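Student: Below are the sequence and a predicted model for it; my questions follow.
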Amino acid sequence: MVVSCSSAQDSQTSPSESTSSSAPTSRAAAAVLTPLTAVTLAPPIPVTATDGKVHLAYELFMTNTLAQPLTLRSIEPVSKGVPLQSPITDGLLPWIRVFGASEPTMTLGPGQSAVAWMDVVVPSTSEIPEAVEHRIAVQVATPIPPLLPAEMTETVARTKVSPESAVVIDPPLSGQNWLDGNGCCGLTAHRGAVSPLDGRLFAPERFAVDYVQLTSDGKMFNGDRTSVDSYPYYGSDVLAVAEGKIVSMVNDLPEQTPGANPVGLTLDQYGGNHVVQDLGNGRFAFYAHLQTGSVPLQVGDNLSAGQVLGKLGNSGNTDAPHLHFHIMDGPDPLASNGLPFEIGSLELTQRIVNQDNLDSVTESGGTAQFATGVDTGRRSNQMPLTLDVMTYDIGR
């Protein structure tokens, strides 16, 4: 059954109970059958990035309510009926994950759900929409006209854009050639980390960054990949990004051997040695994979911006020394949602040409290749994007 309606016997109101003097009313719009339901996991919070544009990064949770397969054809974000960008069609597949599917697909089986990762970009803060809706084109295997045509376009998942602003922070590191790996807003390992925890879906790493540092000749390591000594930035000072108290920390987990993914970790060991700092206003900073025993502090200590809180290490779920950093809306690094942040002062010096080149740099010791035509230079109050290479001058 696609739809149903109550019979006369089901009605709780008899004709005698209605008032004949009441004027007839009409609905503003008739209800529309939408066999694909959709909601956002969280309202998007605008953030200005190093491309000079404003990004709305969020996720759509979709469910096929039919007893037959339904295939996604396109997703188009709109505001007040006006498209915010071109429909995502041919390139949609990488941005979709169907729960329970053994391989990438845009077809949802009966009752099956999926997540779509969205990155709506507008030119400036003056063009941030009040709300976003989504025109989703779908195709069904067995039409049931006129209620269920073979192809239809739904307008669903209206969500208000959050009035909150991205928090402005100091950088968590200092020096040249810090590379943003796995950052916003492509579908990196971080953005794809939507996890079922405590009966809910969370996206804690929506805006997370993995920081590594390139040498002057564009290398991440020299020599034996499996030795932490081959990574010149190993042991770099990790700095508090703002004032606030430490609410939790781990300082005694062992360092991992680079070059391989660890096995046998429990969920609470994934962040390795780490610090969670309360920044106020429902925002928490997470500094992860710190060097064993390098945190000279205790829970309850108040940090000041720029204070050394530990050293960059290789503990937890990591295959190379790096600092994992993100801002979240709760103190639990996993059971929380990621929040956008902007670095108060940075210098964009380069951008890695593509993800394949970054993989070569991180996995086989390749040399970084840089994109041409990048608008480099000093920036204020912008969020790094994945593949950015930056200089962080603390106190400048």
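Tutor: Yep, that arrived. Keep in mind the model is a prediction, meaning the values are calculated, not measured.
Student: domain parsing for the chain?
Tutor: 36-160, 167-392 (automatic domain parsing).
Student: Could you say which of these is packed most deeply?
Tutor: With neighbours taken as mean count of other Cβ atoms under 10 Å, the domains of the chain reach their highest mean count in domain 167-392, at a mean of 19. Any C-beta I mention is one placed from the backbone N, CA and C, and that applies to glycine too.
Student: Check the offset of that one from the chain's centre.
Tutor: Computed by Cα atoms, centre = their mean, to the nearest Å, the chain-centroid distance of domain 167-392 equals 14 Å.
Student: how about TSV for the domains of the chain, with mean pLDDT and distance to Ala30 added?
Tutor: TSV is the format used below for these (pLDDT from 0 to 100; distance: least, Cβ to Cβ, whole Å):
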stretch	mean pLDDT	distance to Ala30
domain 36-160	96	13
domain 167-392	97	32
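Student: and these as CSV, adding distance to Ala29?
Tutor: Shown next, in CSV, are the domains of the chain (distance: least, Cβ to Cβ, whole Å):
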stretch, distance to Ala29
domain 36-160, 11
domain 167-392, 30
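Student: Next one: the spatially most central residue of the chain from Ile128, what distance?
Tutor: In the chain, the C-alpha nearest the mean C-alpha coordinate belongs to Arg206, at 1.9 Å (Cα atoms, centre = their mean). Arg206 sits 18 Å away from Ile128, going by Cβ to Cβ, to the nearest Å.
Student: try Ile96
Tutor: Distance, Ile96 to Ile128, using Cβ to Cβ: 26 Å.
Student: do the same with Pro46
Tutor: Here Pro46 is placed at a distance of 5 Å from Ile128 (Cβ to Cβ).
Student: intersection of neighbour lists for these two?
Tutor: Overlap of the contact sets of Pro46 and Ile128 (by Cβ atoms under 8 Å, 6 or more residues apart in numbering) consists of Val54, Leu56, Val161.
Student: which secondary structure elements does whatever helix or strand the second one lives in contact?
Tutor: To tie it back to what came earlier, the one meant is Leu56. Per DSSP states H and E, Leu56 falls inside strand 54-64. Contacts defined by 3 or more Cβ pairs under 8 Å, 6 or more residues apart in numbering; DSSP states H and E place strand 54-64 against strand 36-40, strand 47-48, strand 70-79, strand 107-108, strand 113-122, strand 131-140.
Student: ok, 10 Å please
Tutor: The helices and strands touching strand 54-64, judged by 3 or more Cβ pairs under 10 Å, 6 or more residues apart in numbering; DSSP states H and E, are strand 36-40, strand 47-48, strand 70-79, strand 96-98, strand 107-108, strand 113-122, strand 131-140, strand 151-160.
Student: closest one to Gly306 among the ones you listed?
Tutor: Nearest of the helices and strands packed on strand 54-64 to Gly306, taken as Cβ to Cβ: strand 47-48 at 22.4 Å.
Student: That closest one pairs with which strands, parallel or anti?
Tutor: In the sheet, strand 47-48 lines up against strand 54-64 (antiparallel) (DSSP bridges).
Student: just the CA coordinates of the partner strand, formatted as PDB?
Tutor: The C-alpha coordinates for strand 54-64 follow below in PDB (Å, rounded to 0.1, in the frame of the first residue of the first chain):
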ATOM      1  CA  VAL A  54      31.100  30.400   2.500                       C
ATOM      2  CA  HIS A  55      30.500  26.600   2.900                       C
ATOM      3  CA  LEU A  56      27.500  24.800   4.400                       C
ATOM      4  CA  ALA A  57      28.700  21.300   5.100                       C
ATOM      5  CA  TYR A  58      26.100  18.800   6.300                       C
ATOM      6  CA  GLU A  59      24.600  15.400   5.800                       C
ATOM      7  CA  LEU A  60      21.200  14.200   4.500                       C
ATOM      8  CA  PHE A  61      19.700  11.000   6.000                       C
ATOM      9  CA  MET A  62      17.400   9.400   3.500                       C
ATOM     10  CA  THR A  63      15.000   6.400   3.700                       C
ATOM     11  CA  ASN A  64      13.200   4.500   1.000                       C
END
